[in-house]
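# prediction below, plus the sequence it came from.
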Amino acid sequence: AAGVIQSPRHLIKEKRETATLKCYPIPRHDTVYWYQQGPGQDPQFLISFYEKMQSDKGSIPDRFSAQQFSDYHSELNMSSLELGDSALYFCASSLVGPSSYNEQFFGPGTRLTVL
Amino acid sequence: GENVEQHPSTLSVQEGDSAVIKCTYSDSASNYFPWYKQELGKRPQLIIDIRSNVGEKKDQRIAVTLNKTAKHFSLHITETQPEDSAVYFCAATYDYKLSFGAGTTVTVRA
(Lines give C-alpha, C1' and ligand atoms only; values in the text may rest on other atoms or scores of the structure.)
Protein backbone atom coordinates (compact mmCIF):
# COMPACT_ATOMS: atom_id res chain seq x y z
CA ALA A 1 0.00 0.00 0.00
CA ALA A 2 1.15 3.52 -0.75
CA GLY A 3 2.52 5.45 2.19
CA VAL A 4 3.29 9.07 2.96
CA ILE A 5 6.40 10.23 1.14
CA GLN A 6 8.69 12.92 2.44
CA SER A 7 11.68 14.51 0.82
CA PRO A 8 14.44 15.03 1.41
CA ARG A 9 15.10 12.47 4.13
CA HIS A 10 18.10 14.37 5.43
CA LEU A 11 18.97 18.04 5.11
CA ILE A 12 21.91 20.02 6.43
CA LYS A 13 21.73 23.80 6.44
CA GLU A 14 23.65 26.71 7.89
CA LYS A 15 22.14 29.25 10.26
CA ARG A 16 20.04 31.90 8.52
CA GLU A 17 19.56 29.74 5.44
CA THR A 18 16.21 28.56 4.14
CA ALA A 19 14.86 25.04 3.76
CA THR A 20 11.90 23.49 1.98
CA LEU A 21 10.48 20.15 3.04
CA LYS A 22 8.03 18.26 0.85
CA CYS A 23 5.27 15.83 1.70
CA TYR A 24 3.20 13.62 -0.58
CA PRO A 25 0.17 12.23 1.26
CA ILE A 26 -1.42 8.86 0.74
CA PRO A 27 -3.62 8.98 -2.39
CA ARG A 28 -7.18 10.15 -1.67
CA HIS A 29 -6.25 11.47 1.76
CA ASP A 30 -7.59 15.00 2.13
CA THR A 31 -5.72 16.24 5.20
CA VAL A 32 -2.03 16.83 5.78
CA TYR A 33 -0.36 17.58 9.10
CA TRP A 34 3.15 18.75 9.93
CA TYR A 35 4.86 17.86 13.21
CA GLN A 36 8.26 18.79 14.63
CA GLN A 37 10.05 16.36 16.94
CA GLY A 38 13.14 17.49 18.81
CA PRO A 39 15.59 14.98 20.30
CA GLY A 40 13.96 13.00 23.10
CA GLN A 41 10.71 14.91 22.74
CA ASP A 42 7.20 14.15 21.58
CA PRO A 43 6.01 15.36 18.18
CA GLN A 44 4.66 18.91 18.29
CA PHE A 45 1.89 19.90 15.91
CA LEU A 46 2.84 22.73 13.56
CA ILE A 47 0.10 23.16 10.97
CA SER A 48 -2.52 21.25 9.00
CA PHE A 49 -4.36 21.53 5.70
CA TYR A 50 -7.74 20.16 4.72
CA GLU A 51 -8.60 20.17 1.04
CA LYS A 52 -5.77 22.60 0.33
CA MET A 53 -6.91 25.14 2.93
CA GLN A 54 -5.12 25.72 6.21
CA SER A 55 -7.28 24.06 8.84
CA ASP A 56 -5.33 24.53 12.04
CA LYS A 57 -2.18 26.07 13.34
CA GLY A 58 -0.06 25.04 16.27
CA SER A 59 3.30 26.13 17.59
CA ILE A 60 4.67 27.11 14.20
CA PRO A 61 7.19 29.99 14.21
CA ASP A 62 6.45 33.00 12.02
CA ARG A 63 9.64 32.12 10.10
CA PHE A 64 7.89 28.99 8.85
CA SER A 65 5.14 28.83 6.29
CA ALA A 66 3.39 25.98 4.56
CA GLN A 67 0.92 25.31 1.82
CA GLN A 68 -0.90 22.48 0.13
CA PHE A 69 -1.01 22.35 -3.63
CA SER A 70 -3.67 21.26 -6.11
CA ASP A 71 -2.19 17.74 -6.25
CA TYR A 72 -2.46 17.61 -2.42
CA HIS A 73 1.26 17.57 -1.80
CA SER A 74 2.42 19.99 0.86
CA GLU A 75 5.58 22.00 1.42
CA LEU A 76 6.95 23.43 4.65
CA ASN A 77 9.14 26.45 4.07
CA MET A 78 11.56 27.44 6.80
CA SER A 79 13.52 30.69 6.67
CA SER A 80 16.21 32.29 8.82
CA LEU A 81 17.05 28.88 10.23
CA GLU A 82 18.24 28.67 13.81
CA LEU A 83 20.18 25.97 15.62
CA GLY A 84 17.01 25.13 17.56
CA ASP A 85 15.22 24.20 14.35
CA SER A 86 17.30 21.03 14.16
CA ALA A 87 14.74 18.26 14.52
CA LEU A 88 12.84 15.50 12.80
CA TYR A 89 9.95 16.89 10.77
CA PHE A 90 7.11 14.52 10.13
CA CYS A 91 4.28 14.85 7.73
CA ALA A 92 1.12 12.81 8.33
CA SER A 93 -2.00 12.38 6.26
CA SER A 94 -5.51 11.21 6.97
CA LEU A 95 -8.94 10.94 5.43
CA VAL A 96 -11.27 13.14 7.41
CA GLY A 97 -14.99 12.62 7.34
CA PRO A 98 -17.99 11.37 9.32
CA SER A 99 -17.24 7.76 8.49
CA SER A 100 -13.50 7.92 9.01
CA TYR A 101 -11.53 7.34 12.16
CA ASN A 102 -9.03 10.07 11.36
CA GLU A 103 -6.15 7.62 11.63
CA GLN A 104 -3.04 9.62 10.85
CA PHE A 105 -0.34 7.92 8.85
CA PHE A 106 3.12 9.32 9.35
CA GLY A 107 5.80 9.70 6.72
CA PRO A 108 9.40 8.63 7.36
CA GLY A 109 10.38 12.16 8.36
CA THR A 110 13.01 14.67 7.29
CA ARG A 111 15.95 15.07 9.61
CA LEU A 112 17.00 18.72 9.50
CA THR A 113 20.35 19.67 10.94
CA VAL A 114 21.20 23.35 11.26
CA LEU A 115 24.89 24.11 11.73
CA GLY B 1 -5.74 23.46 24.04
CA GLU B 2 -5.41 19.82 24.91
CA ASN B 3 -2.80 18.78 27.46
CA VAL B 4 -1.81 15.11 27.68
CA GLU B 5 0.24 13.69 30.53
CA GLN B 6 1.88 10.29 30.27
CA HIS B 7 3.38 8.01 32.91
CA PRO B 8 5.81 6.48 33.48
CA SER B 9 8.55 8.07 31.41
CA THR B 10 10.57 4.84 31.45
CA LEU B 11 9.48 1.26 31.98
CA SER B 12 11.65 -1.84 32.19
CA VAL B 13 9.95 -5.23 32.16
CA GLN B 14 11.04 -8.83 32.01
CA GLU B 15 10.22 -10.62 28.78
CA GLY B 16 6.84 -12.26 29.13
CA ASP B 17 5.58 -9.80 31.73
CA SER B 18 2.96 -7.12 31.13
CA ALA B 19 3.54 -3.42 30.58
CA VAL B 20 1.05 -0.68 31.41
CA ILE B 21 1.28 2.96 30.36
CA LYS B 22 -1.20 5.56 31.59
CA CYS B 23 -2.26 8.89 30.14
CA THR B 24 -4.58 11.67 31.21
CA TYR B 25 -6.05 14.40 29.07
CA SER B 26 -7.50 17.76 29.91
CA ASP B 27 -10.11 18.54 27.25
CA SER B 28 -13.38 16.68 27.73
CA ALA B 29 -14.17 17.32 24.06
CA SER B 30 -11.38 14.97 22.93
CA ASN B 31 -12.89 11.95 21.21
CA TYR B 32 -10.04 10.05 19.61
CA PHE B 33 -7.10 8.48 21.43
CA PRO B 34 -4.38 6.77 19.39
CA TRP B 35 -1.23 5.08 20.65
CA TYR B 36 1.97 5.22 18.63
CA LYS B 37 5.14 3.16 18.83
CA GLN B 38 8.33 4.83 17.71
CA GLU B 39 11.73 3.26 17.26
CA LEU B 40 14.81 5.44 17.30
CA GLY B 41 14.95 7.76 14.29
CA LYS B 42 11.85 6.24 12.71
CA ARG B 43 8.30 7.37 12.20
CA PRO B 44 5.58 6.98 14.83
CA GLN B 45 3.48 3.95 13.95
CA LEU B 46 -0.10 3.55 15.09
CA ILE B 47 -0.51 0.40 17.16
CA ILE B 48 -4.03 0.84 18.47
CA ASP B 49 -6.62 3.56 18.89
CA ILE B 50 -9.91 4.08 20.67
CA ARG B 51 -12.80 6.47 20.24
CA SER B 52 -14.72 8.07 23.04
CA ASN B 53 -17.81 5.92 22.54
CA VAL B 54 -15.84 2.77 23.36
CA GLY B 55 -14.45 1.77 26.76
CA GLU B 56 -12.02 -0.93 25.76
CA LYS B 57 -10.39 -2.29 22.64
CA LYS B 58 -8.06 -5.23 22.18
CA ASP B 59 -5.79 -6.37 19.38
CA GLN B 60 -3.87 -9.54 20.15
CA ARG B 61 -1.37 -8.67 22.91
CA ILE B 62 -2.30 -4.99 23.01
CA ALA B 63 -5.32 -3.45 24.71
CA VAL B 64 -6.44 0.07 25.45
CA THR B 65 -8.96 1.22 28.03
CA LEU B 66 -10.66 4.61 28.24
CA ASN B 67 -12.36 6.23 31.22
CA LYS B 68 -14.10 9.34 29.92
CA THR B 69 -15.31 10.44 33.32
CA ALA B 70 -11.82 10.44 34.78
CA LYS B 71 -10.29 11.55 31.46
CA HIS B 72 -7.66 8.88 31.41
CA PHE B 73 -6.71 6.04 29.10
CA SER B 74 -4.20 3.25 29.35
CA LEU B 75 -2.20 0.93 27.13
CA HIS B 76 -1.67 -2.66 28.19
CA ILE B 77 0.87 -4.93 26.52
CA THR B 78 0.82 -8.56 27.60
CA GLU B 79 3.47 -11.25 27.09
CA THR B 80 6.08 -8.64 26.22
CA GLN B 81 8.78 -9.52 23.72
CA PRO B 82 12.16 -7.87 23.01
CA GLU B 83 10.73 -6.33 19.83
CA ASP B 84 8.26 -4.40 21.98
CA SER B 85 11.18 -2.23 23.17
CA ALA B 86 10.54 1.29 21.84
CA VAL B 87 9.12 4.67 22.82
CA TYR B 88 5.35 4.69 23.13
CA PHE B 89 3.31 7.86 22.79
CA CYS B 90 -0.31 8.38 23.69
CA ALA B 91 -2.24 11.16 22.00
CA ALA B 92 -5.63 12.82 22.14
CA THR B 93 -7.60 14.97 19.76
CA TYR B 94 -11.04 16.46 19.15
CA ASP B 95 -10.25 18.56 16.12
CA TYR B 96 -7.86 16.26 14.32
CA LYS B 97 -4.52 17.74 15.37
CA LEU B 98 -2.84 15.32 17.77
CA SER B 99 -1.59 16.36 21.18
CA PHE B 100 0.99 13.84 22.33
CA GLY B 101 2.09 12.71 25.73
CA ALA B 102 5.80 12.99 26.53
CA GLY B 103 6.42 9.34 25.73
CA THR B 104 7.37 6.19 27.62
CA THR B 105 10.60 4.38 26.85
CA VAL B 106 9.86 0.68 27.23
CA THR B 107 12.73 -1.77 27.60
CA VAL B 108 11.99 -5.49 27.54
CA ARG B 109 14.74 -7.50 29.24
CA ALA B 110 15.43 -10.91 27.75
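Right, received. Where do you want to start? Everything quoted here is computed from the prediction, not taken from an experiment. Numbering: from 1, shown residues only, chains lettered A, B, ... in the order given.
# near chain A, which residues of chain B? Just list them.
B:32, B:34, B:36, B:41-46, B:49, B:51, B:89, B:93, B:95-103 (C-beta under 8 Å from any C-beta of the partner chain). Using the backbone N, CA and C atoms, a C-beta is placed for each residue, glycine as well.
# what residues are up against the spatially closest residue to residue B:51 that is not a sequence neighbour?
Spatially, and ignoring its direct neighbours in sequence, residue B:51 is nearest to residue B:32 (5.6 Å; C-beta to C-beta, 6 or more residues apart in numbering or on different chains). By C-beta atoms under 8 Å, 6 or more residues apart in numbering or on different chains, the residues touching residue B:32 are A:101, A:102, B:49, B:50, B:51, B:52, B:92, B:93, B:94.
# please narrow those residues to those residing in helices.
Using DSSP state H, no member of the contacts of residue B:32 falls in helices.
# quickly note the distance from the residue nearest to the spatial centre of chain A to chain B.
Nearest to the mean C-alpha position of chain A, counting by C-alpha atoms, centre = their mean, stands residue A:34 at 3.0 Å. From residue A:34 over to chain B the distance is 10 Å, taken as C-beta to the nearest C-beta, to the nearest Å.
# over to that residue: give its phi and psi.
Dihedral angles of residue A:34 (phi, psi; degrees, to the nearest 10) stand at phi -120, psi 130.
# repeat that for the one 5 residues further on.
Listed backbone geometry of residue A:39 is phi -60, psi 130, with angles given as degrees, to the nearest 10.
# count of neighbours near it?
The tally of other residues near residue A:39 (other C-beta atoms under 10 Å in any protein chain shown) stands at 7.
# what does residue A:58 give?
Counted with other C-beta under 10 Å, residue A:58 comes out at 17.
# show me what from chain A comes close to chain B.
Counting by C-beta under 8 Å from any C-beta, chain A sits next to chain B at A:31, A:33, A:35, A:41-45, A:48, A:55-56, A:58, A:88, A:90, A:94, A:96, A:101-109, A:111.
# give the buried subset of these as a ChimeraX selection command.
Buried residues within the residues of chain A next to chain B, by 16 or more other C-beta atoms under 10 Å in any protein chain shown, are selected in ChimeraX with:
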select /A:31,33,35,42,43,44,45,48,55,58,88,90,94,96,102,104,105,106,107,108,109,111
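# what segments of chain B are strands?
Taking DSSP state E to define them, one finds strands in chain B at B:4-7, B:10-14, B:19-25, B:32-38, B:45-51, B:56-59, B:62-67, B:72-77, B:86-92, B:99-100, B:104-109.
# now residue B:25. Nearest residue, chain neighbours left out?
residue B:92 (4.2 Å).
# what does residue A:32 give?
In space, residue A:32 is closest to residue A:74, 4.5 Å off (C-beta to C-beta, 6+ apart).
# mind giving me the packing neighbours of the lowest-mean-pLDDT helix or strand in chain A?
Least confident helix or strand of chain A, by mean pLDDT, DSSP states H and E, is strand A:53-57 with a mean of 89. On a contact count with 3 or more C-beta pairs under 8 Å, 6 or more residues apart in numbering or on different chains; DSSP states H and E, strand A:53-57 meets strand A:44-50.
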